[in-house]
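Visitor: Kindly return the folded structure for what I paste below:
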Amino acid sequence: MNFQQLRIIRETVRCNFNLTEVATRLYTSQSGVSKHIKDLEDELGIELFERKGKRLLGMTAPGRELAKIVDRMLLDAQNIKNLAEQYSQQDQGQLTVATTHTQARYVLPAIVAKFRQQYPKVKLHLHQGSPQEIAQLLLQGEADIGIATETLGSAEGLITFPFHSWHHAVIVPAGHALEKQAAKLHKSGKQLTLNAIAAYPIITYHDGFTGRAALEKTFQAAGLAPEIVLSALDADVIVPGHGPLTDKAGVAHVRDYLSSVLEGATKMQRDGVDAFEAARELVSMLHGTSKPFSSMGEFGRMAVNVDTVYRSLDPTYQPPNVVEQFRRMAVIEHHAS
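Guide: The predicted structure follows:
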């Protein structure tokens, strides 16, 4: 048994049992990969993979158990190397940080600038992803630090430390009924109630992002089920192309944009249009040169917003998993840009 065999086991799982891809990742031949797997199975006296001819279909029960041990062993081996580098090269090396888009865009720039000034010889790599993907990168040893909301705190095998807290705020257009209610309550030292907020459609973050779980728990504890008409992965989607809003014109522009998305997605859902195709069509209609919302950007995130509308209209609608959703977003972004 050697480390190359263990690496091949790990990469075979990660590559969904595609040995050609495993060979490419490990800079070896497919026949070499197959031989290493066979040698390890012969040494252990068990079959690790389910086969159909020469193709690998999946892992056997002992193979799945072995894969967990292999992950731990390779991670520990990498940690030993990292430990040695930390003491021998304390002011140089590489630091990999996995984080969400919102953190990377609005929180980390100033911190990264200071870090680079203090440690100019350290190469800093940023990976963006969902909280679930960030947890996986950490568990697989592909990231040193993860920064995200939710998910990380509940991921087994990770230690988390809170470093920032925030408050949710209600944002409405000028003259909205909630603005008038809030102004009236403020005079008597009171605040808006959850019942008042739940009476109106809500736009907020996607499941697993930026306190969405806490928001839902708060409403559930009060026995309320607010109508969430649109949800998104980060601030740039809830407020496309703007980030935090700073003026009334920006609020009005985003309100009109989201109203157009809701209206268009609703019509397409009732016409039986596939959600992915609906998202692509809406990007074509709303973005691009001379289109009403050409300055918004973030084209790919339309896929998430359309899925949210479809889900609200049809409780039986099954949205794509995270990997497929990111693929759709990438396709839309590529064709729109």
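
Visitor: Which residue ranges of the stretch 151-300 of the chain form helices?
Guide: Ranges of helices in the stretch 151-300 of the chain, per DSSP state H, counting those that start in this stretch, are 177-187, 194-198, 212-221, 235-238, 248-270, 275-286.

Visitor: Output those in TSV, with mean neighbour count and distance to residue 26 appended to each entry.
Guide: Placement of C-beta: from N, CA and C, glycine included. Formatted as TSV, these follow (neighbours: other C-beta atoms under 10 Å; distance: least, C-beta to C-beta, whole Å):
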stretch	mean neighbour count	distance to residue 26
helix 177-187	12	58
helix 194-198	14	54
helix 212-221	14	39
helix 235-238	22	37
helix 248-270	17	44
helix 275-286	20	34
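
Visitor: Go through those helices and find the least confident stretch.
Guide: Lowest mean pLDDT within these: helix 235-238, a mean of 53.

Visitor: And for residue 61, the neighbour number?
Guide: For residue 61, the count of nearby residues is 10 (other C-beta atoms under 10 Å).

Visitor: From residue 320, how far off is it?
Guide: Separation of residue 61 from residue 320 (C-beta to C-beta, to the nearest Å) stands at 30 Å.

Visitor: got the domain boundaries for this structure?
Guide: Here the domain assignment for the chain is 3-73, 91-165, 177-336, based on automatic domain parsing.

Visitor: Between these, which one is closest to residue 79.
Guide: Residue 79 sits nearest to domain 91-165 of all the domains of the chain, at 7.5 Å, using C-beta to C-beta.

Visitor: now that closest one, how far from the chain's geometric center?
Guide: The chain centroid and the centroid of domain 91-165 are separated by 13 Å under C-alpha atoms, centre = their mean, to the nearest Å.

Visitor: now do the same end-to-end measure for that domain.
Guide: This stretch, domain 91-165, spans 30 Å end to end (C-alpha to C-alpha, to the nearest Å).

Visitor: Ends of stretch 266-275, what's the gap?
Guide: Terminal residues of stretch 266-275 are spaced 10 Å apart (C-alpha to C-alpha).
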